Structure formats: C-alpha cells, structure tokens
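Enquirer: Next one to model:
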Amino acid sequence: MSVRKTIVGILFGKVAQSVSRIALVPIIIATLGPESYGEWLLYSSITAWVMMSNMGVGSLIANEMSLKYFSDDLNGARESYTYGLHICAGILLVVGVISFVVVCGLHFAGFLDFTKAAAIVLLAVSVPVSFFAEVIGARLRLVNKNHIGGILSGVRAWTEPLLTIIFLGIAKNIVSLALAVFLSAGIHVVLTFIIARLKERSCHRKRLSPPFSTYIAIVRSGMGFMAFPLGNAIVFQGSLMVIAGVLGPMAVAVYGTTRTATRVVNQLLEVLNQAIWPQLTMLYAEGRNLELKQLWMRATLISASTALFAAIAFAIWGPELYRLWVRNSIEPNGSLFIILAIGIPLGATWSSAGILLLALNRQIIYGRLYFAGSVLFMVLAYMFSTELNLMGVALASCLFDGLMVGTTFILVARFLKSEAVLSPQNLK
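Expert: Numbers count the residues shown, from 1 in each chain. Prediction:
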C-alpha cells in the first residue's frame with residue numbers, strides 16, 4: 001500500500017471529523033439553546049475520561065498482532081486478537097455496571113433527572129463499544145489496508161450528526177444527542193468488522209481459556225500508552241469542568257465553540273505527523289540518521305509555518321466567521337480568539353517535533369512530562385479563571401503549549417546528541 005493512500009485515508013477521516021463537529025454546533029445550539037449546549041459539552045466530556053479505561057490495550061494489541069503476523073506466527077496473532085476482544089468485552093461490562101450504579105444513585109438522590117442520567121449512561125457505554133473497532137481494525141493493518149481505517153472514521157464522523165438530526169426531530173433533549181453518539185459507535189464497529197473480515201480472513205478469533213494473570217500482564221503493558229490520552233482529557237475536557245464550576249454553562253459554550261474553531265488546523269496537521277511516523281522509524285532502523293533529521297526538521301517547519309499563518313487569519317477574521325458559524329446565537333469574544341489563536345502554532349510545533357520521540361520509542365519520559373504539564377495547566381486554569389474569567393483559561397492554555405514547546409525541543413536535542421541515535425537496536 002502506498003503512503004499516499006494512507007495520507008488520503010487519514011485526511012478523509014480528519015476532515016470529516018472536523019467538518020462534522022463544526023456543522024453540528026449551530027444545529028444543536030439552534031435546537032436546544034446555548035445554555036443546554038454548554039451542559040451537553042460538559043456531559044460529553046465524560047467520554048474523554050471513560051476513554052482512560054482502554055488502558056492502552058488497543059494500541060498494544062494492534063502492535064502485537066502485526067509483529068506476530070509478519071513473523072509468520074499466525075497462531076500468536078490470533079491469540080493476541082482474541083485477548084483484545086476479551087479485554088474490550090470486560091471493559092464494556094465494568095464501565096456499563098459502574099456508570100449505571102453511579103447514575104442511578106445520583107438520580108434517586110435528586111442530583112440528576114432521568115434525561116440527564118440516561119444521557120450519561122449512553123455516553124459512558126459508547127466509549128468501550130468503540131474500543132472493539134480499534135482491535136478489529138488492526139486486522140486491516142495485516143493486509144496493508146490502513147487507509148480504510150481512516151475512511152471508516154470519516155463515515156462515523158458523518159453518521160453521528162445524521163443520527164443527531166434525526167433524533168432531535170423526534171425529541172429535543174440531550175438524550176437524543178447521546179443516543180446518536182452510542183449508535184454511531186455501534187455502527188462503526190459493525191462496519192469495521194464486516195470490512196476487516198472481507199479483507200483479512202486468516203486472523204480470526206480462537207477459543208482460549210488463559211489464566212487471569214495473562215490479561216493483567218497485557219493491561220500492565222498497555223498502561224505505558226496512557227500518559228498522552230490522560231493528559232489530553234485533563235487539558236481539553238478538564239478545562240470545561242473548571243469553566244463550568246467557576247463561570248457556568250454559558251461560559252462553557254463560548255469557550256468550547258471558540259476552541260473548537262481554533263483547533264481545526266491542529267487536528268488537520270496531525271495527518272502529517274501520522275504520515276511521517278513510520279518513515280522516521282524506518283530511517284532510524286536503517287541508520288540513515290541525516291535523512292531522519294532532515295525529514296523531522298522539514299515536517300516541524302511545515303507544521304509551525306502553516307499554523308502561524310492560520311493563527312493570523314483566525315485572529316483577524318475569526319470572530320466574523322464565528323458569527324456565521326453559530327448563526328449569531330453566541331456573541332464572539334475577540335480577545336479570546338486572539339489568545340487561543342496564539343496557541344495554534346505553539347501546539348502544532350511541539351506536536352510535530354515530538355513525533356520523533358514517539359516514533360523512536362522515547363515516549364515514556366515525554367509522556368510523564370506531558371501529564372505533569374496538563375496537571376499544572378488545570379491548576380493555572382482554575383487560578384486564572386477566578387480573576388480573568390475565560391481569558392485566564394485561554395492564557396493558561398497558551399502557557400501550557402509554550403512549556404511543551406520548550407520541553408519537547410530539550411528532549412529531542414538531548415536524544416539527537418546522544419550516541420543512542422546511532423543505534424537502531426534501541427527499537428527492540
């Protein structure tokens with residue numbers, strides 16, 4: 001499979017996700033109102049926290065399947081695939097029971113009405129349902145069909161808003177939104193299974209009865225992948241919780257929509273990072289260190305310069321475009337746009353520069369520092385929001401991105417200067 005197909009597939013998925021999110025915002029606001037939309041943003045942040053229950057198992061299983069399959073160990077690949085499905089089923093059961101018990105307790109205690117309780121359960125359960133797609137989709141990697149995963153992600157991105165429009169036409173409440181999220185996750189899993197089975201038939205599930213310690217070992221190994229998604233949940237969803245607690249749901253709607261608009265460029269630039277990742281690994285393994293550094297520098301420069309131009313455009317024309325986007329239902333905050341626009345090139349720079357560490361298995365220290373920085377961001381966001389309102393949260397976000405730029409380049413510089421960069425054996 002050509003790299004071009006991979007880029008096209010990933011780009012399709014990313015663009016579909018970004019466009020569908022943008023298209024859905026004015027529809028929800030016009031139907032439920034800005035305040036209810038702010039509440040929905042707060043409830044939907046639950047999915048980011050439940051995502052932690054994956055514990056990195058999806059990434060670990062996908063890697064294990066590929067390693068064993070391409071080493072002519074088909075039986076081992078089948079075992080890894082089966083382990084992944086078993087763990088996903090276990091996570092679904094645990095998350096379903098816990099969310100149901102907790103929400104029922106809050107409902108009967110008078111803290112949640114039935115509508116909000118049902119929405120929270122549906123949102124919580126939708127996350128482990130989506131885990132199955134990651135494990136099942138790993139079968140596509142075995143036959144060099146990675147681009148299909150991106151296309152399926154794009155299909156899901158448009159399935160959710162379509163279902164949202166249908167359900168909002170039936171009942172105008174947040175349960176309709178949550179049900180759309182849940183069903184779109186289920187449809188994504190079914191489509192992934194059907195296509196994976198058509199494209200790859202040898203690596204199927206097998207009957208296993210391993211000891212429980214086997215699953216514990218897999219989960220423990222997968223935990224190494226969790227620093228980044230956990231940090232992301234703190235930065236992106238934790239900030240909404242801080243705003244909701246200090247400033248209220250209307251402020252959540254203003255900040256959430258503005259941040260969504262300004263982060264479109266960063267999300268699209270992730271396509272470049274994902275495309276060069278395997279190239280960096282290959283160049284390092286082959287000892288072509290000069291080409292590795294050149295590729296990394298070019299990618300970082302392209303990301304930073306593109307994001308800089310986008311930031312200038314957002315700072316100038318962002319508020320007017322925002323009015324059109326939300327159909328004048330929320331008044332744009334020009335100062336908030338400028339501060340969040342500053343974070344566009346900062347975030348793109350450290351994200352692109354840090355891909356070198358991730359591609360060469362140097363993510364452990366990097367992930368720990370990212371997690372520590374995300375916790376610091378939460379503290380600063382709370383402190384600044386009490387004095388500067390939304391400007392304080394945006395300022396804390398920029399400081400966090402600036403800190404990550406410095407941290408990333410220090411780690412990369414140390415790595416490039418070390419003798420380890422000359423040793424492909426470190427990939428083992």
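Enquirer: for the protein, longest helix please?
Expert: Longest helix in the chain, counting residues (DSSP state H): helix 289-326.
Enquirer: How far off centre is the very next helix or strand once past it?
Expert: Later in the chain than helix 289-326, the nearest helix or strand by DSSP states H and E is helix 334-353. A distance of 18 Å separates the centroid of the chain from that of helix 334-353, by C-alpha atoms, centre = their mean, to the nearest Å.
Enquirer: what angle sits between helix 334-353 and helix 289-326?
Expert: Angle, helix 334-353 to helix 289-326, by axes from the mean of the first three to the mean of the last three C-alpha atoms, to 10 degrees: 150 degrees.
Enquirer: Give me the contacts around whatever helix or strand comes next after helix 334-353.
Expert: Once helix 334-353 ends, the next helix or strand along the chain (criterion: DSSP H and E) is helix 355-359. With contact meaning C-beta atoms under 8 Å, 6 or more residues apart in numbering, helix 355-359 is reached by 273, 276-278, 280-281, 284, 292, 296, 299, 362-363, 366, 408, 411-412, 415. C-betas here are computed from N, CA, C, even on glycine.
Enquirer: then stretch 306-313 to CSV, C-alphas only?
Expert: What follows is stretch 306-313, C-alpha atoms only, in CSV (Å, rounded to 0.1, in the frame of the first residue of the first chain):
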residue,chain,number,x,y,z
THR,A,306,1.2,26.6,8.4
ALA,A,307,-0.2,27.0,11.9
LEU,A,308,1.3,30.5,12.2
PHE,A,309,-0.5,31.7,9.0
ALA,A,310,-3.7,30.1,10.3
ALA,A,311,-3.3,31.8,13.6
ILE,A,312,-3.0,35.2,12.0
ALA,A,313,-6.1,34.5,9.8
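Enquirer: Now it: average pLDDT?
Expert: Mean pLDDT, computed over stretch 306-313, is 93.
Enquirer: now it, how far from the chain's geometric center?
Expert: Distance, stretch centre to chain centre, for stretch 306-313: 22 Å (C-alpha atoms, centre = their mean).
Enquirer: Does residue 168 touch residue 178 like I think?
Expert: No. Residue 168 is beyond contact range of residue 178, at 11.6 Å (criterion: C-beta atoms under 8 Å).
Enquirer: With neighbour numbers in mind, choose between those two.
Expert: Shown here are residue 168 and residue 178; by other C-beta atoms under 10 Å, residue 178 has more neighbours (28 against 19).
Enquirer: Buried residues of the helix or strand where the more buried one lies, list them for me.
Expert: Assigned by DSSP H and E, residue 178 belongs to helix 174-199. Buried residues in helix 174-199, defined by neighbour count with 16 or more other C-beta atoms under 10 Å: 174-189, 191-192, 195-196.
Enquirer: which SS class is the residue lying closest to residue 17 once chain neighbours are set aside?
Expert: Closest residue in space to residue 17, ignoring its immediate chain neighbours: residue 157 at 4.3 Å, by C-beta to C-beta, 6 or more residues apart in numbering. The three-state assignment at residue 157 reads helix, by DSSP: H, G, I helix; E, B strand; the rest coil.
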